[in-house]
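Student: Here is my input, please return the structure:
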Amino acid sequence: MSAYQNLIIESLLSKKKYMLTTRSLSLFSVSLLLAATQVSACFQSPTTKPDDTDGLPPVETKPANSKYQPAFKGQTRVAAVKTTTAFKAEKIATKIKSPWAVVPMPDGRLLITLKGGTMQIHQADGSLVKAITGFPAVDDKAQGGMLDVALDPAFISNHVIYWSFSEKNGSGNLTAVAKGTLNEAAGTIENTSVIFRATPALNSNLHFGSRLAIDKEGYLYVSAGERSILEGRAQAQLLRSEERRVGKECRSRWSPYH
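Tutor: Model (predicted):
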């Protein structure tokens, strides 16, 4: 496995306890380690066994805070899993202030989002290459800030990137997605435009999401959180809600669908 693949795996592992409930890092201004991980089970069958759950309590044990009924018994009381998968971590960089997402660039370097609203480019060995600024303002209170990032399928030629972030909107805030052109030499992002907002804006600093993924046809898929309040959770049940939609954006076109 390459260094950036290892780093991404470790980045996900290190966020696991946060992502179980929020899919966001709520580490505020704590400096985190970025590490490269060697996962021994990458090319073999999973080693987690069914009996690994025996005797382990559910992950969630608190009373429900809504009247929504589970689709089936035990849906919201999934048992914990004790995995036997071995992994090895190797530290390659330190003092990176609140990193949220890591994406490999075509040349093997790493593009990293920072919660405060900027990005950094690092070599695969962890050394800093360039800080990138000029992004739209983020609302970085609590779990908010700069979130995920994805490279355009034609990044090598057009240098376009997409990123999600928490954005102030009226008296509240929401998860937004923007696109822009990376000018690495100048250390800036140019030609920025917001292409999606998960409306309505709500008064919460939690559960913004968000993950971005581009499929083989070049469509960008966006996920958003339910904002950890009942008003937001109700949006997930509304077919026309932007919070519920899984959308796709191809180059400059945005076409939400269900």
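Student: contacts and neighbour counts: CA atoms only from here.
Tutor: OK.
Student: pLDDT of stretch 192-210, averaged?
Tutor: For stretch 192-210, mean pLDDT rounds to 93.
Student: What residues of that stretch count as buried?
Tutor: 192, 196-199, 201-210 (16 or more other C-alpha atoms under 10 Å).
Student: What of stretch 151-168?
Tutor: Result for stretch 151-168 [16+ other C-alpha under 10 Å]: buried residues 151-153, 159-168.
Student: Which of the residues you listed fall in strands?
Tutor: Counting by DSSP state E, the buried residues of stretch 151-168 place 151, 160-168 in strands.
Student: any chance of the residues you listed in a markdown table, plus pLDDT and distance to residue 142?
Tutor: Listed next are these as a markdown table, based on pLDDT from 0 to 100; distance: C-alpha to C-alpha, whole Å:
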| residue | pLDDT | distance to residue 142 |
| --- | --- | --- |
| 151 | 97 | 27 |
| 160 | 97 | 29 |
| 161 | 98 | 25 |
| 162 | 97 | 23 |
| 163 | 98 | 19 |
| 164 | 97 | 16 |
| 165 | 97 | 13 |
| 166 | 97 | 11 |
| 167 | 96 | 13 |
| 168 | 96 | 13 |
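Student: between those residues, which is nearest residue 216?
Tutor: Among those, residue 151 lies closest to residue 216 (C-alpha to C-alpha), at 12.9 Å.
Student: does the closest one have beta-bridge partners, and which?
Tutor: Going by DSSP bridges, residue 151 is paired in beta bridges with residue 161.
Student: I figured it hits residue 178, correct?
Tutor: No - if you go by C-alpha atoms under 8 Å, residue 151 and residue 178 don't touch, sitting 11.9 Å apart.
Student: who touches both of the two?
Tutor: Taking C-alpha atoms under 8 Å, 6 or more residues apart in numbering as the criterion, residue 151 and residue 178 both touch residue 162.
Student: what are the ranges of the strands in the stretch 1-150 of the chain?
Tutor: 31-39, 87-97, 99-104, 110-114, 118-122, 128-132, 146-151 (DSSP state E, counting those that start in this stretch).
Student: Which one, of those strands, ends up nearest to residue 71?
Tutor: In terms of C-alpha to C-alpha, the element of the strands of the stretch 1-150 of the chain nearest to residue 71 is strand 146-151, at 30.4 Å.
Student: And that closest one, what does it pack against?
Tutor: For strand 146-151, the elements it packs on are strand 99-104, strand 110-114, strand 160-169, strand 212-214, judged by 3 or more C-alpha pairs under 8 Å, 6 or more residues apart in numbering; DSSP states H and E.
Student: would JSON lines of these with distance to residue 78 be doable?
Tutor: Listed next are the helices and strands packed on strand 146-151 as JSON lines, based on distance: least, C-alpha to C-alpha, whole Å:
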{"stretch": "strand 99-104", "distance to residue 78": "27"}
{"stretch": "strand 110-114", "distance to residue 78": "32"}
{"stretch": "strand 160-169", "distance to residue 78": "29"}
{"stretch": "strand 212-214", "distance to residue 78": "26"}
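Student: For residue 182, which of those is the nearest?
Tutor: Distance to residue 182, taken as C-alpha to C-alpha, is lowest for strand 160-169 among these, at 6.1 Å.
Student: Which elements pack onto the host helix or strand of residue 178?
Tutor: For residue 178, the element it lies in under DSSP states H and E is strand 172-183. Applying 3+ C-alpha pairs under 8 Å, 6+ apart, we find strand 172-183 packed against strand 160-169, strand 188-197.
Student: want to throw the ones you listed into a markdown table with distance to residue 223?
Tutor: Converted to a markdown table, the helices and strands packed on strand 172-183 look like this (distance: least, C-alpha to C-alpha, whole Å):
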| stretch | distance to residue 223 |
| --- | --- |
| strand 160-169 | 9 |
| strand 188-197 | 11 |
